[in-house]
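Engineer: one predicted model, sequence on top.
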Amino acid sequence: RSRSFRPAMAEASEQEPEGSDAGSEEVLLTPAELIRSLQQAWMNEKFAPELLESKSEIVECVVEQLEHMEENLKRAKGGDLKVGIHRMEVERIRYVLSSYLRCRLQKIEKYFPHILEKEKSRAEGDPSVLSPEEFAFAKEYMASTEAHFRNVALKYMPPNLQKVDLLKAVARPNLDSFVFLRVKEKQENILVEPETDEQREYVIDLDEDSQHLIRYKTIAPLVASGAVQLI
């Protein structure tokens, strides 16, 4: 079953009739829940070494929420202290949204061949790490990079050297880097790889609200599921 998000602002008359889409699950979020979801996606994206699953539906809902808030501000009376506070909140949300999208674009530019290769090998039904717009950007960026290499250097080299393997030329995300996290849901029997050849694998439990410094690769599935939050 697929999940879609929608701000809980619509009137009852706008709601879809029951059974209109049995194959999808719609999650209604209050404005506060929506902003918290954006902040969580932003923090995870900011501190994860790899590109995470696209949260395009949350982004679309936040854009809709911002438009709704700005319309309310236009109707508000000038000089009201609350107007200034709400305007600051709009700018804060806009900053988080822009920073989130900018962080994702920076990772795409840095790791584009590996991201596109992962997208190509993705099993049907698995969530995509790229939104449709990001996928188009990544393909265009790769084509531009290949054209640049070809025009600047490769065409002047012997025929057997006029091709470059970008998967080998571009560094991979370092999944062995360490990250700080806060546990949102208790986790048991997490397998931790040894740090040295003399050590053995061992398991740990992650208690709710505890904080840890741990190798990203160990807890990557927990970041994807929302069980932990990178900080």
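Structural biologist: Structure's in. What do you need?

Engineer: burial of Tyr100, as a residue count?
Structural biologist: For Tyr100, the neighbour count with other Cβ atoms under 10 Å is 21. (C-beta placed from N, C-alpha, C; glycine too.)

Engineer: over to Tyr141?
Structural biologist: Residues within reach of Tyr141, counting by other Cβ under 10 Å, total 16.

Engineer: the one 4 residues further on now?
Structural biologist: For Thr145, the number of neighbouring residues by other Cβ under 10 Å comes to 17.

Engineer: do the same with Leu222
Structural biologist: When neighbours are defined as other Cβ under 10 Å, Leu222 has 19 of them.

Engineer: so Asn72 belongs to a helix, correct?
Structural biologist: Yes. With DSSP: H, G, I helix; E, B strand; the rest coil as the criterion, Asn72 is part of a helix.

Engineer: dump the residue contacts of the residue lying farthest from the centre of the chain.
Structural biologist: Relative to the centre of the chain, the most outlying C-alpha is that of Pro158, 41.7 Å out, by Cα atoms, centre = their mean. By Cβ atoms under 8 Å, 6 or more residues apart in numbering, the contact list for Pro158 is empty.

Engineer: quick one: pLDDT of it?
Structural biologist: In this model, Pro158 is scored at 88, pLDDT.

Engineer: so how far is Val152 from it?
Structural biologist: To Val152, Pro158 is 16 Å away according to Cβ to Cβ, to the nearest Å.

Engineer: what does Val223 give?
Structural biologist: Distance, Val223 to Val152, using Cβ to Cβ: 38 Å.

Engineer: cool, Leu230 as well?
Structural biologist: According to Cβ to Cβ, Leu230 stands 38 Å off from Val152.

Engineer: looking at the two, which one has more neighbours?
Structural biologist: Shown here are Leu230 and Val152; by other Cβ under 10 Å, Leu230 has more neighbours (18 against 9).

Engineer: can I assume that one is in contact with Met43?
Structural biologist: Yes. Counting by Cβ atoms under 8 Å, Leu230 does reach Met43; the two are 5.7 Å apart.

Engineer: after the helix or strand hosting Ser144 comes which helix or strand?
Structural biologist: Secondary structure from DSSP states H and E places Ser144 in helix 132-152. Scanning forward in sequence from helix 132-152 by DSSP H and E, the next helix or strand is helix 166-169.

Engineer: ranking helices and strands of the protein by mean pLDDT, which lands last?
Structural biologist: strand 2-7 (a mean of 57; mean pLDDT, DSSP states H and E).

Engineer: with adjacent residues omitted, what lies nearest to Phe135?
Structural biologist: Nearest non-adjacent residue to Phe135, counting by Cβ to Cβ, 6 or more residues apart in numbering: Glu119, 6.8 Å away.

Engineer: again, but for Cys103
Structural biologist: Per Cβ to Cβ, 6+ apart, closest to Cys103 is Glu45, 5.1 Å.

Engineer: check Val203 too.
Structural biologist: In this structure, Val203 finds its nearest non-sequential neighbour in Asn189, 4.8 Å apart by Cβ to Cβ, 6+ apart.

Engineer: helices of this protein, start to end?
Structural biologist: Under the criterion DSSP state H, the chain carries helices at the ranges 31-47, 56-75, 81-120, 132-152, 166-169, 216-225.

Engineer: wait, which of these is closest to Glu185?
Structural biologist: Among those, helix 216-225 comes nearest to Glu185, with 8.5 Å by Cβ to Cβ.
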